[in-house]
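Participant: Sharing a model that was predicted from the sequence below.
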Amino acid sequence: MTTIRLTMAQALLRFLDHQYIEIDHQEKKFVHGVMGIFGHGNVTGIGEALERSPGNLKFIQGKNEQGMAHAAMAYAKQNNRLGIFACTSSIGPGALNMVTAAATATVNRIPVLFLPGDIFSTRQPDPVLQQLENPSDYTISANDAFKPVSRFWDRIVRPEQLMSSLLHAMRVLTDPADTGAVTISLPQDVQCEAYDYPVSFFEKRVHIIDRRPMSESARKRAVELISGKKNPVIIAGGGVHYSLATEELREFAEAFRIPVGETQAGKSAMAWDHPLNMGAIGATGSLAANRLAKNADLVICVGTRMSDFTTASKSLFQHPEAEFLQINVNGLDAAKLSSVSVQADARLAMGQLTQDLQALGYSSGYDSDRLAQLKAEWTSEVDRLYAIEREDGLAQTRVLGEINAFVQPEDVIIGAAGSMPGDLHRLWRTTRPKTYHMEYGFSCMGYEVAGAFGAKLSDPDREVYAMVGDGSYLMMHSELVTSLQEGRKITVLLLDNHGFQCIHNLQRENGSDGFGNEFRYYSPERRGLSGDYMTFDFAAQARGMGAKAYTANTIEELKHALKAARNEQTTTLIHIRVLPGTNTSGYESWWRVDVAEVSESAKVNEAYRNFQSKLEAAK
């Protein structure tokens with residue numbers, strides 16, 4: 001057996017550099033590089049390997065470990081999970097900064113490889129700087145925090161263990177049903193240890209995604225269920241994109257005249273103006289989609305987790321004979337809501353069901369005029385919200401309308417948290433797939449700027465816009481600098497509404513007078529954050545980091561800034577001041593947030609009674 005002597009870190013990179021993925025006979029390089037921040041724990045191990053023997057792997061210097069990991073996740077998401085970056089950090093706080101991002105990746109079913117440095121395997125010296133000492137279990141380090149948020153976790157305490165660990169890691173990273181965060185903890189001494197690795201371990205490996213067809217029994221059950229229903233609806237989730245099934249979705253819907261509602265991850269699977277696309281569904285859904293869902297006798301769920309936002313906290317589907325058909329490669333998702341489970345690839349399943357149902361001559365029982373009416377009413381409502389005029393400032397929905405009218409069909413928008421995901425889900429009009437990139441499985445504040453950078457890495461020829469509120473921007477915007485460093489232009493559209501207004505609205509809807517959510521100065525008289533609004537010059541801050549920047553307080557200024565930003569050759573931020581509370585809500589949806597059962601406040605007590613009424617109605 002021919003061997004080559006390498007450090008464990010060198011062997012790790014050489015292996016990753018030779019991993020490929022194949023779907024539908026199209027082969028692509030799978031691991032494109034490593035994002036990292038160095039410290040003790042990785043600088044002399046992986047750091048040395050990246051400096052001296054990176055192969056074809058690109059290194060990107062992160063500015064915050066969580067931010068760079070969000071960028072890696074966005075890269076994989078925009079790539080339909082067919083290409084990844086790994087993320088390396090030092091031990092202790094550097095590693096722990098990535099735990100939130102690992103959870104974000106796992107919840108969203110997105111592959112990201114985490115390579116945190118770890119304490120000494122030899123325990124000499126001991127304790128090392130930033131070591132977590134658990135007196136009851138000395139094998140525990142800070143990296144054990146990755147265990148509950150990873151789909152696969154390992155710690156390499158001998159260099160030869162790397163070989164079996166990486167094979168398991170690649171299995172998970174390339175598995176459509178089981179993917180998410182993969183964490184391999186790398187003790188800093190073991191990274192530098194050498195071993196005689198078999199040369200065959202570093203040969204090119206192609207991980208083939210075999211599309212999983214429906215079993216004959218599942219196919220029969222699905223056809224029998226659909227053919228017996230008159231008013232089905234389709235819920236298109238992120239799996240439609242990852243399965244590359246947007247055309248099959250359209251053909252399936254058209255063949256049987258079935259209306260479609262989109263989740264946050266599924267949005268842009270169908271053009272907004274398609275007659276059967278009823279828009280967003282659920283707690284942040286459109287009136288058209290939600291009304292159809294309430295009366296549906298069958299809900300065909302395609303590649304969706306069916307979270308509480310999609311189901312409006314399980315209150316949305318009210319037909320007494322409503323049943324659920326789940327098409328999903330993930331067994332956990334396919335079994336939800338006591339569904340008829342079809343564990344299969346979305347593209348294959350919809351194609352097969354289209355053939356079978358056409359052979360039966362099936363069609364839904366919808367009146368075409370009624371569907372057109374619902375579609376037209378919602379289109380008019382979006383037009384109204386996009387055109388709102390306020391004398392005292394800019395309404396958020398008007399700002400989004402102007403931006404939506406300006407961007408080109410191929411441009412990509414990125415979002416994650418606050419009030420904008422609800423507005424964008426309801427109102428944003430897309431005509432092409434993969435132009436709406438929302439992280440809403442975890443709704444992780446701080447994802448937006450880093451996510452925009454990751455998406456731009458994946459799609460360098462497209463304009464990419466980060467749609468972010470001031471609250472989320474203040475939490476994390478460090479990868480804006482990385483976008484400048486790498487020459488990857490993004491445009492940050494920062495809507496400044498003086499704080500965490502989404503939660504402020506939710507708080508007040510449930511009996512509060514407003515507490516702790518707005519960016520106000522402390523008031524000694526009231527002993528709280530009830531003074532004047534704080535004001536920020538985000539444009540000046542962005543310029544200070546090297547970006548171009550504009551400020552917009554009027555529609556005319558916004559139009560000018562959008563045009564100017566598009567012509568810029570480098571990352572640009574537009575600071576847009578909007579009025580608090582000018583976002584959307586309602587549209588016959590509900591999101592369950594429990595209310596205090598007893599309170600000194602009459603308003604809270606009334607809110608609790610209203611909550612109980614809604615809870616009873618949702619049963």
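Facilitator: Nice, I can see it.
Participant: now the strands: where do they sit in the stretch 351-500 of the chain?
Facilitator: For the stretch 351-500 of the chain, the strands defined by DSSP state E, counting those that start in this stretch occupy 412-415, 436-438, 464-469, 491-496.
Participant: looking at these, which is closest to Ser339?
Facilitator: The closest of those to Ser339 is strand 436-438. By Cβ to Cβ, the value is 24.3 Å. Where C-beta positions appear, they are placed from N, C-alpha and C, glycine not excepted.
Participant: pLDDT of that closest one, averaged?
Facilitator: On average, the pLDDT along strand 436-438 is 98.
Participant: tell me which strands and helices it is in contact with?
Facilitator: The helices and strands touching strand 436-438, judged by 3 or more Cβ pairs under 8 Å, 6 or more residues apart in numbering; DSSP states H and E, are helix 65-78, strand 412-415, helix 420-427.
Participant: do you know which of the strands of the stretch 351-500 of the chain lies nearest Leu113?
Facilitator: strand 436-438 (20.5 Å).
Participant: ok, what's across the strand from Ala181?
Facilitator: Bridge pairing for Ala181 (DSSP bridges) gives the partners Val112.
Participant: ugh, typo on my part, it should be Cys301
Facilitator: In this entry, Cys301 is beta-bridged to Ile235, Gln326, by DSSP bridges.
Participant: That one reaches Phe324, doesn't it?
Facilitator: Yes: with contact defined as Cβ atoms under 8 Å, Cys301 and Phe324 form a contacting pair (6.3 Å).
Participant: For these two, indicate the residue with more neighbours.
Facilitator: In terms of neighbours (other Cβ atoms under 10 Å), Cys301 is the more surrounded of Cys301 and Phe324; the figures are 27 against 20.
Participant: What's the separation between the more buried one and Pro93?
Facilitator: Here the criterion is Cβ to Cβ, to the nearest Å. By it, Cys301 lies 40 Å from Pro93.
Participant: helix, strand or coil for Glu247?
Facilitator: Under the three-state scheme (DSSP: H, G, I helix; E, B strand; the rest coil), Glu247 adopts helix.
Participant: What count of nearby residues applies to it?
Facilitator: 13.
Participant: what does the one 5 residues further on give?
Facilitator: As a burial measure, Phe252 scores 22 neighbours (other Cβ under 10 Å).
Participant: now it, nearest residue through space, not along the chain?
Facilitator: Distance criterion Cβ to Cβ, 6 or more residues apart in numbering; nearest residue to Phe252, sequence neighbours excluded, is Met350 at 4.5 Å.
Participant: hmm, who's touching the helix or strand hosting that neighbour?
Facilitator: For Met350, the host element (DSSP states H and E) is helix 346-360. By Cβ atoms under 8 Å, 6 or more residues apart in numbering, the residues outside helix 346-360 that reach it are 211-214, 219, 222-223, 226-227, 239-240, 243-245, 248-249, 251-252, 255-256, 302-303, 327-329, 342.
Participant: Quick check: buried residues in the longest helix along the chain?
Facilitator: If you go by DSSP state H, the chain has its longest helix at helix 368-386. Neighbour counts over helix 368-386 (16 or more other Cβ atoms under 10 Å) mark 371, 374-375, 378-379, 381-382, 385-386 as buried.
Participant: got it, and stretch 144-157?
Facilitator: 144-146, 149-156.
Participant: Give the burial count for the closest residue to Ala596 other than its chain neighbours, as a bare number.
Facilitator: Of all residues not flanking Ala596 in the chain, Val604 sits nearest, at 5.5 Å (Cβ to Cβ, 6+ apart). For Val604, the neighbour count with other Cβ under 10 Å is 17.
Participant: Give me the PyMOL select line for the contacts of helix 346-360, limited to the buried ones.
Facilitator: With 16+ other Cβ under 10 Å as the criterion, this PyMOL line picks the buried residues out of the contacts of helix 346-360:
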select buried, resi 211+214+219+222+223+226+239+240+243+244+245+248+249+252+255+256+302+303+327+328+329+342
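Participant: Among the contacts of helix 346-360, which lie within helices?
Facilitator: Those of those mapping onto helices are 219, 222-223, 226-227, 239-240, 248-249, 251-252, 255-256, per DSSP H.
Participant: Report the two of the residues you listed separated the most.
Facilitator: Farthest apart among these by Cβ to Cβ are Ser227 and Gly239. That separation is 23.3 Å.
Participant: Make TSV out of the buried residues of helix 368-386 and add pLDDT and distance to Pro198.
Facilitator: As requested, these are exported to TSV (pLDDT from 0 to 100; distance: Cβ to Cβ, whole Å):
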residue	pLDDT	distance to Pro198
Leu371	98	61
Leu374	98	63
Lys375	98	61
Trp378	98	61
Thr379	98	62
Glu381	98	64
Val382	98	60
Leu385	98	62
Tyr386	98	61
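Participant: Closest one to Leu493 out of those residues, please.
Facilitator: Proximity of those to Leu493 (Cβ to Cβ) peaks at Tyr386, which lies at 15.5 Å.
Participant: Residue ranges in the protein under the pLDDT threshold?
Facilitator: Along the chain, no part satisfies pLDDT under 70.
Participant: Quick one, which of the strands of the stretch 351-500 of the chain gets closest to Thr106.
Facilitator: Going by Cβ to Cβ, the one of the strands of the stretch 351-500 of the chain nearest Thr106 is strand 436-438, 17.0 Å.
Participant: got the contact list for the closest one?
Facilitator: Contact with strand 436-438 is made by 74, 77-78, 264-265, 267-268, 412-416, 421, 424-425, 428, 430, 451, 455, as judged by Cβ under 8 Å, 6+ apart.
Participant: quick one on the thing from earlier: would you mark the buried spots in the helix holding Met350?
Facilitator: Going by neighbour count (16+ other Cβ under 10 Å), the buried part of helix 346-360 is 346-354, 356-357.
Participant: what do you get for stretch 230-240?
Facilitator: Neighbour-count burial for stretch 230-240, with 16+ other Cβ under 10 Å as criterion, is recorded at 231-240.
Participant: One more: stretch 421-428?
Facilitator: 421-428.
Participant: Can you give me the domain boundaries for the chain?
Facilitator: Following automatic domain parsing, the chain resolves into domains at 3-208, 216-373, 387-498+534-577.
Participant: Those: which one's closest to Glu616?
Facilitator: Per Cβ to Cβ, nearest to Glu616 of those: domain 216-373, 10.6 Å.
Participant: quick revisit: please save the CA atoms from the longest helix of the chain in CSV.
Facilitator: Coordinates of each C-alpha in helix 368-386 appear next as CSV, following Å, rounded to 0.1, in the frame of the first residue of the first chain:
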residue,chain,number,x,y,z
SER,A,368,-61.5,28.9,-12.4
ASP,A,369,-63.3,32.2,-12.0
ARG,A,370,-63.2,31.9,-8.2
LEU,A,371,-59.4,31.3,-8.3
ALA,A,372,-58.9,34.2,-10.6
GLN,A,373,-61.0,36.4,-8.3
LEU,A,374,-59.0,35.5,-5.2
LYS,A,375,-55.8,36.1,-7.1
ALA,A,376,-56.9,39.5,-8.4
GLU,A,377,-58.1,40.6,-4.9
TRP,A,378,-54.7,39.8,-3.4
THR,A,379,-52.9,41.5,-6.3
SER,A,380,-54.9,44.6,-5.6
GLU,A,381,-54.1,44.5,-1.9
VAL,A,382,-50.4,44.2,-2.6
ASP,A,383,-50.7,47.2,-5.0
ARG,A,384,-52.4,49.2,-2.3
LEU,A,385,-49.7,48.4,0.3
TYR,A,386,-47.0,49.2,-2.2
